[in-house]
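Peer 1: coords please:
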Amino acid sequence: MTYKETAKAILKTAIRHTSFNPVHMGDYIRNLYFMKTIQKLPFNRFAYVLDAGCGDGHHALNMAKRFPSVRVTGLDVSAPTKAEIFPPNLFFASQNLLELFDYQQYDFIYSIDVLEHIPNNIIVMKNFYQALKRSGYLYLHMPDKSVEKRIFPERLFYDFDKWEKEEHIGERYILEEIEKQLKELGFEMMESGHTFGLLGQFVWEVDRITDDKMILKIILMPFLKTMAQVAVRLKAKEGDIFCLLKKP
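Peer 2: Numbering: from 1, shown residues only. Have a look, this model is predicted:
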């Protein structure tokens with residue numbers, strides 16, 4: 001390794017432990033809302049938790065570290081496989097959520113920005129109901145189907161909009177629609193609402209349009225993280241949607 005490469009690696013490691021460390025601000029904001037909402041749940045009584053659509057597993061990993069007495073399972077069509085780096089209470093498996101046939105297995109299921117990727121996702125919501133134990137909890141988060149209002153010019157989001165059109169092939173809902181669907185399945189609504197809001201949207205957009213300007217992104221990161229934390233404390237009137245539910 002050359003001197004420059006060594007210096008770059010040291011700098012990168014140092015930045016990782018500061019507020020300048022670049023993160024995906026959309027995921028950062030979603031996680032802030034998630035952690036704020038689940039503070040209400042009795043994790044001391046939970047034994048089994050499911051991350052439904054876990055992706056790279058970072059939410060599941062955080063949950064396993066935060067609640068070491070709980071068995072956390074992450075399911076995804078292409079779940080992580082490097083089990084040796086995970087804590088002993090964390091497990092991953094490849095699973096299509098349309099074919100989730102578990103019965104009264106979990107105390108808590110959460111699914112963050114997954115349903116919009118799955119056609120016929122009402123089936124997935126039914127599967128969640130069946131897989132929960134009685135008095136179990138479900139947390140859902142997904143984009144609102146309303147037309148997005150951008151703060152910055154649309155042309156700056158061409159690549160994202162193209163990706164979204166290809167990936168978001170599942171049904172999307174406005175808040176009232178998904179509330180109705182879930183209540184008809186038998187869930188009790190504990191809390192629901194919007195996330196991001198105008199301030200969160202601003203943070204997300206700035207993060208997106210600086211993706212190819214890494215130095216600027218690093219400089220802006222403490223500001224963006226602070227604004228994200230403020231956004232979560234405000235009452236969002238528009239943006240993505242979330243629901244916290246209980247199975248009777």
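Peer 1: What segments of this structure are helices?
Peer 2: 3-16, 25-38, 58-66, 121-131, 158-167, 175-185, 197-209, 214-233 (DSSP state H).
Peer 1: Give me the buried positions along the third one.
Peer 2: Counting neighbours by 16 or more other CB atoms under 10 Å, one finds that the buried residues in helix 58-66 are 59, 60, 61, 62, 63, 64. Backbone N, C-alpha and C define where each C-beta goes, glycine included.
Peer 1: surely the last one meets residue 90?
Peer 2: Yes: with contacts defined as CB atoms under 8 Å, residue 64 counts as touching residue 90 at a distance of 3.8 Å.
Peer 1: Residue 156 and residue 86: what is the separation?
Peer 2: Between residue 156 and residue 86 the computed distance is 37 Å (CB to CB, to the nearest Å).
Peer 1: more neighbours, these two?
Peer 2: Remark: of residue 156 and residue 86, residue 86 carries more neighbours, 18 against 13, as counted by other CB atoms under 10 Å.
Peer 1: List the contacts of stretch 100-115.
Peer 2: With CB atoms under 8 Å, 6 or more residues apart in numbering as the contact definition, stretch 100-115 has outside contacts at 30, 34, 38, 41, 43, 45-53, 59, 75, 97, 121, 124-125, 127-128, 130-134, 136-143, 170-171, 240.
Peer 1: Name whatever forms a beta bridge with the nearest residue to residue 140 once chain neighbours are set aside.
Peer 2: Closest residue to residue 140 apart from its sequence neighbours, by CB to CB, 6 or more residues apart in numbering: residue 243 at 4.8 Å. As for beta bridges, residue 243 partners with residue 140, residue 192 under DSSP bridges.
Peer 1: ok, now which ones touch residue 243?
Peer 2: So, once contact is read as CB under 8 Å, 6+ apart, residue 243 ends up touching 138, 139, 140, 178, 179, 182, 189, 191, 192.
Peer 1: again, but for residue 46
Peer 2: By CB under 8 Å, 6+ apart, residue 46 lies in contact with 67, 70, 107, 108.
Peer 1: hmm, try it at 7 Å
Peer 2: 70, 107, 108 (CB atoms under 7 Å, 6 or more residues apart in numbering).
Peer 1: what's the answer for residue 145, then?
Peer 2: Per CB under 7 Å, 6+ apart, neighbours of residue 145: 172, 173, 174.
Peer 1: just the buried members of the contacts of residue 243?
Peer 2: Here, 16+ other CB under 10 Å leaves 138, 139, 140, 178, 179, 182, 192 buried among the contacts of residue 243.
Peer 1: ok, now which ones touch the third one?
Peer 2: Yep, that's residue 140 we're talking about. Contacts of residue 140 by CB under 7 Å, 6+ apart are 111, 115, 242, 243.
Peer 1: any idea how far residue 160 is from it?
Peer 2: 22 Å.
Peer 1: Over to the first one?
Peer 2: Note on residue 138: its distance to residue 160, by CB to CB, is 28 Å.
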